[in-house]
Each structure stands twice: as C-alpha cells, then as structure tokens.
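>>> give the three-dimensional model of this entry:
(one chain, ligands or ions: 2)
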Amino acid sequence: MSKIKVGIVGATGYTALEVARLLTAHPQAELVAATSRADDGRSLAEIHPSLAGRCDVPIEVLDPESIAKKCDVVMCCLPHGASAETVHALVQHDVRVIDFSADFRLSSLDVYEKWYDVKHPWPERVGKTVYGMPEFFAKQIATADVVANPGCYPTSAILPLAPLVQAGLIDTDDIIIDSKSGVSGAGRSAKVATLYCETNESISAYAVGSHRHGPEINDLVGRISGKPVQTLFTPHLTPMDRGILSTIYVRRGQHSADEMMQCWRDQYASSAFVNPVDHLPATKHVAGTNFVQMTARDCGDRAVLVCAIDNLAKGASGAAIQNMNVMFGLPEVTGLR
Ligand SMILES: NC(=O)C1=CN([C@@H]2O[C@H](COP(=O)(O)OP(=O)(O)OC[C@H]3O[C@@H](n4cnc5c(N)ncnc54)[C@H](OP(=O)(O)O)[C@@H]3O)[C@@H](O)[C@H]2O)C=CC1
Ligand SMILES: CC(=O)N[C@@H](CCC(=O)OP(=O)(O)O)C(=O)O
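Ligands and ions are numbered 1, 2, ... in the order given. This next block holds a predicted model:
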C-alpha cells in the first residue's frame, strides 16, 4: 500500500507541530503539504525548529484545490469559526478532512451558535458529522469525509463518564468536572493570559460556568449513553507545557468505584489507548503519548474519577492520527506506540 499523503492547514500552530512530529514516526503516512497565512518562504522546520532534519516540507498559502490534489487527507488545525469555511472548500475538492476545531462537533446548530457566538458558515453539516472518538464511533469514522476531532477537555471527561452513565452506575444530574490544562491548550498565538509571568508559579480557574466544552461534554455523553446529562465543568490553567488532569465528582448511589473500574475494563477491553489503572493518574504518566489513564475511588456517597491525557496527543493530534488510521483501514495504533 502506498503511504497516505497528509496535508496540514494552519501550520504555525501547536497542534500542527504535533501532527508533523507524529507523522515523522508513522510508517504508512507522510506529510506532503503544509499551509499557512504566513507566506514568508520558511519551511515547516524553520517555523518549528524541533522538526529540523526530520521534515523539510515547504510552507504554501492555502489553495484548497491544489492541496486536495496532493493529499489523501488534510488535518485542518485552524480555530473554530475560521475552520468550517476551509473544511467546506476542501471537501468540495474531494479530499477527506480531520477538523481540529469545534465547528462540527455538536449536534445542534443553535447550541453551536449560542456558545461560539458566530454564524456557522456550513450550517447544514452541523449534527451530521461524526465525532472523532474511535472508542465509540469507529464504524462511522472509517467512511467519513469529515471527522470532527474532539476537544481536549471533553476527551478527558467523555471517556470516563459515558460508559458509567450508560451502565446506570452514576446520577446523571450531579456531575462536577474539575479540569486542569497545560498552557499549550491555549494555542501558540500570543495572549496576555498565557504569558510566562501570568502562568508561571500560578494556577487559575477561568470561564467558570461559561466554557464551551460544557455543552460538548453533555452532548457527547448524552449521545453515547442515550441518557441526557447535566455537568458542571470548570477549567483551570496550570503552569505545565502540556497535559490535562480531570477530577470528576459523581454521585454513586449503591454502586462502588470497583464496579466503575470493572465497567471501564469491559468497555475498553479492546481499546488500544484507554487504560483503567489502579494508581492515581498524573499528566506525566501519559505525556507525549496517545494513552488515557483513568481510575475511580469511593468517597462517601460520591465517587471521584481521575483521568489524565496529553492535550496535544489524545486531546488533539494523536487522536487525529488515530482517526486517520481508522479512515484508511490501518490498525488504530499505527505510528502511535
Ligand atoms: N492546543 C490544544 O491542546 C488543542 C487545540 N484544539 C483545537 O485545534 C485547533 C488548532 O489549535 P492550536 O494548534 O492549539 O492553535 P494555534 O493558535 O497554535 O494555531 C492555530 C493556527 O491557525 C491559524 N489561524 C489562526 N487564526 C486564524 C484565522 N482567523 N484564520 C485562518 N487561520 C488562522 C494560524 O496558522 P497560520 O498563521 O499558519 O495560518 C495559527 O497558527 C483549534 O481549533 C483548537 O481549538 C483542539 C484540542 C486541543
Ligand atoms: C488551556 C486552554 O486555553 N485551553 C483551551 C481549550 C483547547 C481546545 O481543545 O479547544 P477547542 O474546543 O477549541 O478545540 C480553552 O480553554 O479554550
């Protein structure tokens, strides 16, 4: 089989770098094109020096038709709002797309437009695009033209919660998700909140009660389990480069953390990346990998679930490579172990 030809759009960002890094180790895929608004003659390795000697793809300005001709799949690493238009143009030129933004993740256009405060440029595709979590949607991903790659925080909440809700082991209306992210989760563009002096030696909550990943978590846990859920989600910025730790407080009724662990072991028995573990997971245990570690503990009438992922790997680019593998009929783990 010839190698899968991959293009990246939005090449100067962090998720783009992580895709390029992962592709250098992928035996059956190669990066053939990278586009950026920055038309300054630099190669990808000049933009991201850690790629020096490993990836000399030149940067070009995005022309959907020309990228589509060169590629079998395009990783669209753009911010929400800007992404949907590009995804639409690419699909019209018959290339498959993995969209890193939130533009096609939600079921409802109204919910999207309320939480993202933008008019959707391709509204008819909202609610009709597969969510890129192969643990639940591998069959649809395999034939998809567009895959909506999951959000980083939602990945760390949906994977532990959905099986427990589906199995009826926890209350659906009292779920508290307390998540901490490394600073790369905010992207590479300059913002005051992510300056060194703002983040170093400090941890802070943000978007309390108003983060757009709340509705994504509720939507997906509901879709997977078949039961509506209400969660309270609070994100925190922590002084790490990468990683997400989500601590989730649920009401367990008569059920125990041991039953929850068994539920996960059954659900993820054939999953290559999701690992229920006995220890308390830490972001360091999964850093730079596509693995997910989760555990559960009884605490009075609640259980506390702890889940660790790498925001740039299973939370973004690793998941995208996993999705690409599924789309092209390769084992999910190809290039990711
Ligand atoms: N960082 C993370 O951990 C995660 C990110 N995501 C999502 O992945 C996508 C990319 O994230 P990330 O790489 O971190 O973001 P970055 O900010 O690091 O990079 C995004 C890139 O998109 C391009 N871009 C920015 N604004 C616009 C615009 N208005 N129109 C067109 N292009 C634009 C720029 O590339 P250029 O200048 O080269 O054109 C920019 O470097 C986002 O949708 C993000 O929400 C999802 C999960 C986790
Ligand atoms: C630390 C930090 O700032 N994280 C980002 C989430 C990154 C992500 O996954 O966002 P998308 O849903 O847009 O893809 C945030 O809270 O906005």
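>>> and Ser206, what is it in contact with?
Wrong residue type there; residue 206 is Tyr, not Ser. 193, 235-237 (Cβ atoms under 8 Å, 6 or more residues apart in numbering). (Glycine included, C-beta is placed from N, CA and C.)
>>> are any of the residues you listed buried, and which?
For the contacts of Tyr206, a burial check counting by 16 or more other Cβ atoms under 10 Å picks out 235-237.
>>> state the distance from His255 to ligand 1.
Computed as Cβ to the nearest ligand atom, to the nearest Å, the His255 to ligand 1 distance reads 32 Å.
>>> just use 52 as the starting number from now, easier for me
Taking 52 as the first residue, the last one we looked at is His306.
>>> the closest residue to ligand 1 within the stretch 52-201 of the chain - how many residues pack around it?
Closest residue of the stretch 52-201 of the chain to ligand 1, Cβ to the nearest ligand atom: Gly64 (2.1 Å). By the criterion of other Cβ atoms under 10 Å, Gly64 has 23 neighbours.
>>> try the one 3 residues further on
Neighbour count for Ala67, taken as other Cβ under 10 Å: 28.
>>> nearest residue to it other than its sequence neighbours?
Among residues not flanking Ala67 along the chain, Cys128 sits closest, at 4.4 Å (Cβ to Cβ, 6 or more residues apart in numbering).
>>> could you do Gly265 as well?
Once flanking residues are discounted, Gly265 sits nearest to Phe284: 4.3 Å by Cβ to Cβ, 6+ apart.
>>> residues from the chain in reach of ligand 2?
131, 152-153, 202-203, 232, 236-237, 264, 286, 288 (Cβ under 6 Å from any ligand atom).
>>> try it again with 8 Å
Counting by Cβ under 8 Å from any ligand atom, the chain comes close to ligand 2 at 130-131, 151-153, 156, 200, 202-205, 232-238, 244-245, 257-258, 262-264, 267, 286, 288, 362, 366-367.
>>> buried subset of these, written for PyMOL?
One line in PyMOL is enough to select the buried ones among these; burial here means 16+ other Cβ under 10 Å:
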select buried, resi 131+151+152+153+156+200+202+203+204+205+232+233+234+235+236+237+245+262+263+264+267+286+288+362+366+367
